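Participant: Sequence plus predicted model, see below.
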Amino acid sequence: MAIKVYKPTTPARRHTSVLMSDDVTTSKPHKRLIVSGKNMAGRNNQGKITVRHQGGGSRKKVRVIDYKRDKFDIPATVATIEYDPNRNSRIALLNYADGEKRYIIAPVDLKVGDKILSSQKLIELKVGNTMPLEVVPPGMFVYNVEMTPGKGGQLARSAGNNISLMGIDSGNAQLKMPSGEVRLVSEKCLATIGSVSNPDFKNIRWGKAGRLRRKGVRPTVRGKAMNPVDHPHGGGEGSNPIGLKNPKTPWGKPALGVKTRKHGKKSDDLIISRRNTKKRKKK
């Protein structure tokens with residue numbers, strides 16, 4: 001998979017690149033595995049904006065993804081590798097031996113015609129195979145990892161991500177997350193061997209605002225450009241600094257590098273080592 005860089009024929013094209021779709025084998029999704037999705041534009045059930053800068057975007061159908069991989073010991077053949085507008089990784093259509101079809105998140109190096117399997121016991125350590133963490137050898141890369149047995153994969157599902165299994169101890173598996181955090185999950189949780197496909201997604205240069213608008217990302221206004229009534233950074237004649245010791249959110253809370261995790265969460269006991277954070281330089 002390669003990235004195409006355009007010639008600078010316009011100011012926007014000068015900083016634009018796109019990801020080639022050489023790995024995609026079809027442009028038509030399986031009709032029985034797509035549903036209509038509603039764009040909430042960052043609003044909750046009360047109509048209040050809870051996530052800013054969202055809205056608009058291209059219309060798209062939601063692909064039903066099998067995160068649980070609970071068809072155990074039934075072999076499946078990869079029918080297609082497809083583009084999914086709802087995620088940055090590729091998806092694969094599986095044809096099971098009993099006739100059922102399901103979508104999964106495709107790993108790197110998965111190809112049409114490959115045979116994959118999901119099982120609750122040790123099977124071949126092959127890319128795309130799913131099994132409990134207790135039978136996976138330490139040091140293996142896995143993705144689509146469950147946090148609770150039977151709930152479905154929740155960890156490492158975006159393009160290029162993987163989790164390193166460090167070991168098994170007292171019924172728990174030690175996982176090194178993409179962020180560098182080391183945490184515990186039950187050894188009964190299922191995980192898929194390999195890394196998520198489309199690792200070059202992070203190298204795309206979007207080039208112009210219009211491409212992000214089609215993704216549903218709306219413009220962001222700097223706090224410095226606002227009035228004091230709208231933002232703590234606002235006000236002043238001409239171009240001024242924020243006038244504060246530390247930056248703040250529009251609601252007056254500390255921003256940029258401040259820990260937002262709540263204290264006393266039950267999962268604190270499952271985190272062995274915190275994620276890698278960059279220390280801010282003292283002036």
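Facilitator: All right, it came through fine.

Participant: domain ranges for the protein?
Facilitator: In terms of domains, the chain is parsed into 3-201, 228-277 (source: automatic domain parsing).

Participant: ranking those domains by burial, who's on top?
Facilitator: Of all those, domain 3-201 has the most neighbours on average by mean count of other CB atoms under 10 Å, namely a mean of 16. Any C-beta I mention is one placed from the backbone N, CA and C, and that applies to glycine too.

Participant: Just list whatever residues bridge to the closest residue to Ser164 other than its chain neighbours.
Facilitator: Once flanking residues are discounted, Ser164 sits nearest to Lys176: 4.3 Å by CB to CB, 6 or more residues apart in numbering. Lys176 forms beta bridges with Ser164, Val182, as assigned by DSSP bridges.

Participant: Could I get the contacting residues of Lys176?
Facilitator: Ile163, Ser164, Met166, Val182 (CB atoms under 8 Å, 6 or more residues apart in numbering).

Participant: what would these look like in CSV with distance to Gln46 and pLDDT?
Facilitator: Below are the contacts of Lys176 laid out as CSV (distance: CB to CB, whole Å; pLDDT from 0 to 100):
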residue, distance to Gln46, pLDDT
Ile163, 36, 95
Ser164, 41, 95
Met166, 43, 93
Val182, 38, 92
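
Participant: I'd like to know which of these is nearest to Lys28.
Facilitator: Nearest to Lys28 out of those is Ile163 (CB to CB; 32.4 Å).

Participant: give the contact list for the closest one.
Facilitator: Contact partners of Ile163, counting by CB under 8 Å, 6+ apart, are Phe141, Val142, Tyr143, Val145, Leu155, Ala156, Leu175, Lys176, Met177, Pro178, Ala191.

Participant: Tell me the confidence at the fifth one?
Facilitator: This points to Leu155. Per-residue confidence at Leu155 stands at 94 (pLDDT).

Participant: Distance-wise, check it relative to Lys126.
Facilitator: 20 Å (CB to CB, to the nearest Å).

Participant: Residue nearest the middle of this structure, spatially speaking?
Facilitator: In the chain, the residue lying closest to the centroid (CA atoms, centre = their mean) is Ser158, at 3.0 Å.

Participant: Please name the residues that touch the nearest residue to that residue once chain neighbours are set aside.
Facilitator: Of all residues not flanking Ser158 in the chain, Asn88 sits nearest, at 5.8 Å (CB to CB, 6+ apart). Shown in contact with Asn88 (CB under 8 Å, 6+ apart): Ser158, Ala159, Asn198, Phe201.

Participant: mind checking the SS state of the closest residue to the last one other than its chain neighbours?
Facilitator: This means Phe201. The shortest distance from Phe201 to any residue other than its chain neighbours is 4.0 Å, reached at Ala159 (CB to CB, 6+ apart). Here Ala159 is recorded as coil under DSSP: H, G, I helix; E, B strand; the rest coil.

Participant: and the gap between Ala159 and Thr25?
Facilitator: Where Thr25 is concerned, Ala159 sits at a distance of 18 Å (CB to CB).

Participant: where's the closest residue to Leu125 other than its chain neighbours relative to Asn45, distance?
Facilitator: Spatial nearest neighbour of Leu125, chain neighbours left out: Ile193 (5.8 Å); criterion: CB to CB, 6+ apart. Going from Ile193 to Asn45 by CB to CB gives 38 Å.
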